[in-house]
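Undergrad: Show me the folded form of this:
(one chain, ligands or ions: 1)
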Amino acid sequence: MAGPLERTAYALGQTARAGVFWGQYWLSGRLTTPVKAPRPIDKPMPGTRRILDGLRELFAQDWRNIEAGYYRLPHDLAASPLQAVVRAGAYFSDLAKVEARRHAGSNSEVFEAPHKDRYPRYFLQNFHYQTDGYLSRHSAELYDHQVEVLFGGGADAMRRQALVPLHHFLKERRVRATRLLDLGCGTGRLLSFVKDNYPRLGVTALDLSPYYLERARALLRPWRDVAFVQAPAEETGLPDAGFDVVTAVFLFHELPGKVRRAVAAEAGRLLKPGGLFILVDSLQLGDVPEYDGLIEYFPVAFHEPYYAAYAKSDLEALFADAGLRTEDVTLAYFSRVMTLRKPD
Ligand SMILES: C[S@@+](CC[C@H](N)C(=O)[O-])C[C@H]1O[C@@H](n2cnc3c(N)ncnc32)[C@H](O)[C@@H]1O
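TA: Residues are numbered from 1 along each chain as shown. Take a look at the predicted model:
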């Protein structure tokens with residue numbers, strides 16, 4: 001159980017970390033100009049103070065979870081200052097390219113040979129207007145930093161909310177005999193927290209991007225029993241009922257409706273009866289009405305072609321069609337955490 005020493009370490013580490021990312025968020029805002037929405041947004045837009053309050057509440061929740069013993073202090077809360085400077089340098093030197101793409105509406109640079117024949121069309125886009133989309137080592141190196149800047153340092157804390165239902169699920173099981181699959185694992189951030197807490201849990205990291213998987217492989221090197229699969233989440237090629245837990249973090253909002261349905265069905269197929277599906281993804285419209293304007297604006301500023309449809313979709317119905325029953329929905333800062341069960 002975490003005590004006063006851990007509390008101090010968390011408070012100091014998280015405040016310094018959030019200060020660094022929030023500062024870069026602020027500076028990015030000064031160095032770039034907002035893109036005009038195609039039509040006026042008539043929904044509420046939260047101010048900076050409201051967003052900062054949300055971030056503070058996320059960290060308070062993160063700490064409460066640590067204090068309750070749901071998970072440990074984050075393994076990399078105290079990152080090396082030198083690394084932080086190098087990453088910030090790389091982020092800011094790429095920012096001008098992102099800005100140019102954003103204002104030109106240029107989002108299909110990766111729709112070309114040799115990628116064209118290897119990946120589904122919807123994947124071949126510069127999501128977030130990022131350089132190379134998901135298809136280069138350079139993109140994979142920048143991604144975590146970009147996402148943390150976007151969320152003012154709250155991205156990892158949102159991902160860790162998945163560890164709460166995981167804790168309750170594993171309490172009743174032999175960890176060594178349990179298998180978890182992370183769909184669209186990206187650079188492996190969630191899995192690094194999972195393995196740090198459950199080193200004996202067998203995990204599989206799946207992503208369509210070989211570059212992001214390569215990065216995940218490097219991050220997860222300290223741990224054993226980690227498998228890597230390069231495949232589409234809608235057609236993984238993995239065996240029926242092979243997993244006790246399936247997770248997906250910030251994946252569904254990037255998928256066309258048809259693919260969202262296919263990935264939900266695939267998760268249902270891959271889970272054992274009684275297995276758990278944990279989704280961490282963006283808030284939807286109406287989850288926090290004060291944020292609705294931001295949810296409407298987000299896909300304009302950060303090329304997210306399927307986000308608007310995701311934001312108003314009925315996720316419970318989507319998963320029910322895949323045989324997954326919703327057990328719990330909680331909100332954390334800009335994320336919605338859903339816990340679902342495949343009935344026995
Ligand atoms: C927004 S990122 C989220 C990554 C990670 N889960 C995280 O927490 O940051 C989306 C990830 O999903 C991957 N992806 C997108 N579509 C996919 C698909 N159909 N199948 C597998 N991976 C996909 C991308 O390559 C990228 O790594």
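
Undergrad: What is the burial count for the residue in the stretch 101-250 of the chain positioned nearest to the ligand?
TA: Per Cβ to the nearest ligand atom, the residue of the stretch 101-250 of the chain with the smallest distance to the ligand is residue 186, at 2.5 Å. Quick note: C-beta positions are derived from backbone N, CA and C, even for glycine. Other residues within reach of residue 186, judged by other Cβ atoms under 10 Å, total 25.

Undergrad: buried stuff in the lengthiest strand in the chain?
TA: Criterion DSSP state E: the longest strand present in the chain is strand 271-282. Of the residues in strand 271-282, those buried by neighbour count under the rule 16 or more other Cβ atoms under 10 Å are 271-272, 275-282.

Undergrad: which among those gets closest to residue 48?
TA: Within those, proximity to residue 48 (Cβ to Cβ) peaks at residue 282, which comes in at 19.6 Å.

Undergrad: quick one, what contacts the closest one?
TA: With contacts taken as Cβ atoms under 8 Å, 6 or more residues apart in numbering, residue 282 has the following neighbours: 250, 253, 295, 298, 307, 310-311, 334-336.

Undergrad: if you set the cut-off to 10 Å instead, what comes out?
TA: 158, 250, 252-254, 291, 295, 298, 304, 307, 310-311, 334-336 (Cβ atoms under 10 Å, 6 or more residues apart in numbering).

Undergrad: Up against the ligand, what does the stretch 51-200 of the chain have?
TA: Where proximity means Cβ under 6 Å from any ligand atom, the interface of the stretch 51-200 of the chain facing the ligand comprises 123, 134, 147, 159, 184-186, 189-190.

Undergrad: Please pick the buried ones from these.
TA: Listed as buried from these are 123, 134, 147, 159, 184-186, 189-190; burial here means 16+ other Cβ under 10 Å.

Undergrad: Return the subset of those lying in helices.
TA: Secondary-structure check on those using DSSP state H: residues within helices are 147, 159, 189-190.

Undergrad: And the buried ones among the residues of the stretch 51-200 of the chain next to the ligand, which two are furthest apart?
TA: Taking Cβ to Cβ, the two most distant members of these are 123 and 159; they sit 21.5 Å apart.

Undergrad: hang on, residue 102 packs against residue 303?
TA: Yes. At 7.6 Å, residue 102 counts as touching residue 303 under the criterion of Cβ atoms under 10 Å.

Undergrad: Quick check: chain neighbours aside, which residue is closest to residue 184?
TA: Across the structure, with Cβ to Cβ, 6 or more residues apart in numbering as the measure, the residue nearest residue 184 apart from its sequence neighbours is residue 251 (3.3 Å).

Undergrad: And for residue 76?
TA: Closest residue to residue 76 in three dimensions, ignoring its sequence neighbours and counting by Cβ to Cβ, 6+ apart: residue 192, at 7.8 Å.

Undergrad: and that neighbour, how many neighbours does it have?
TA: Quick note: residue 192 (other Cβ under 10 Å) scores 21 neighbours.

Undergrad: you'd agree it is in a helix?
TA: Yes. When DSSP: H, G, I helix; E, B strand; the rest coil is applied, residue 192 is found to be in a helix.

Undergrad: Do you know the pLDDT at it?
TA: The model reports residue 192 with a pLDDT of 98.

Undergrad: Next, work out how far apart it and residue 230 are.
TA: Note on residue 192: its distance to residue 230, by Cβ to Cβ, to the nearest Å, is 19 Å.

Undergrad: Flag every buried residue along stretch 91-108.
TA: 91, 94-95, 98-99, 101-102, 107.

Undergrad: oh, I was asking about stretch 18-30
TA: The neighbour-count check on stretch 18-30 (16+ other Cβ under 10 Å) flags 18, 20-22, 24-25, 28 as buried.

Undergrad: And stretch 324-343, by the same measure?
TA: Judged by neighbour count using 16+ other Cβ under 10 Å, the buried positions of stretch 324-343 are 324, 326, 331-342.

Undergrad: Quick one: mean pLDDT for it?
TA: 98.

Undergrad: Would that stretch count as contacting the ligand?
TA: No. For stretch 324-343 and the ligand, the contact criterion (Cβ under 6 Å from any ligand atom) is not met; the two come no nearer than 10.1 Å.
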